[in-house]
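Novice: Sequence and computational prediction follow.
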Amino acid sequence: MRRNGFSLLELLVVLVIVGILAGVALPGYLEHIVRARLTEAFDALAVYHIRMEQTYQDAGSYANSANACALIMSATEHFNYQCQLTNSGQGYLITATANGTHNLSGYSYIIDQSGTRSTSAFPAAANLPKACWLTQAGGC
């Protein structure tokens, strides 16, 4: 006797195998998506740092006439940026903070006038701040 199709047991076995593969692959895939979105902040902070240095070369200060950061940076898709002057306009701290879009929250990165990079907030990371820009919880 010839049968066409699959039995219920065969379909259940296939579903279990697909479920196990998805359970293993999905967390790794989601981590790669987050790491790719973090590069938005790294790129923006690096560009902002270069532009602030160019401003300092032209004006001798990172401050504008209103005693605020000479350059204002717009928010990007996943991050908001804030500039804080230090040392009477001779230094600054630029902070990129995740704005919560696309489940990206709890991340905060800093760069200063000397190019020193640090991570001030990172989900599931201990002993913050770190003297680097973390992309995964393992460390620098």
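Specialist: Cool, got the structure. Numbers count the residues shown, from 1 in each chain.
Novice: So which residue is dead centre in the chain?
Specialist: In the chain, the residue lying closest to the centroid (Cα atoms, centre = their mean) is L38, at 2.6 Å.
Novice: Tell me the secondary structure at it.
Specialist: helix (DSSP: H, G, I helix; E, B strand; the rest coil).
Novice: can you tell me which residues contact it?
Specialist: Y107, W133, T135 (Cβ atoms under 8 Å, 6 or more residues apart in numbering). (C-beta placed from N, C-alpha, C; glycine too.)
Novice: and the next element down the chain from the helix or strand hosting V24?
Specialist: Using DSSP states H and E, V24 maps to helix 8-59. Where DSSP H and E defines the elements, the next helix or strand beyond helix 8-59 is strand 79-86.
Novice: just checking, what packs against the next helix or strand after that following strand?
Specialist: Using DSSP H and E, the helix or strand that follows strand 79-86 in sequence is strand 91-98. Contact analysis of strand 91-98 by 3 or more Cβ pairs under 8 Å, 6 or more residues apart in numbering; DSSP states H and E lists helix 8-59, strand 79-86, strand 108-112 as its packing neighbours.
Novice: Output these in TSV, with mean pLDDT and distance to A121 appended to each entry.
Specialist: Converted to TSV, the helices and strands packed on strand 91-98 look like this (pLDDT from 0 to 100; distance: least, Cβ to Cβ, whole Å):
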stretch	mean pLDDT	distance to A121
helix 8-59	91	12
strand 79-86	94	12
strand 108-112	95	4
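Novice: can you put the ones you listed in TSV and add distance to C140?
Specialist: Compiled in TSV, the helices and strands packed on strand 91-98 are given as follows (distance: least, Cβ to Cβ, whole Å):
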stretch	distance to C140
helix 8-59	14
strand 79-86	20
strand 108-112	13
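Novice: and these, which is most packed in?
Specialist: Of all the helices and strands packed on strand 91-98, strand 108-112 carries the top mean neighbour count, a mean of 21, counting by mean count of other Cβ atoms under 10 Å.
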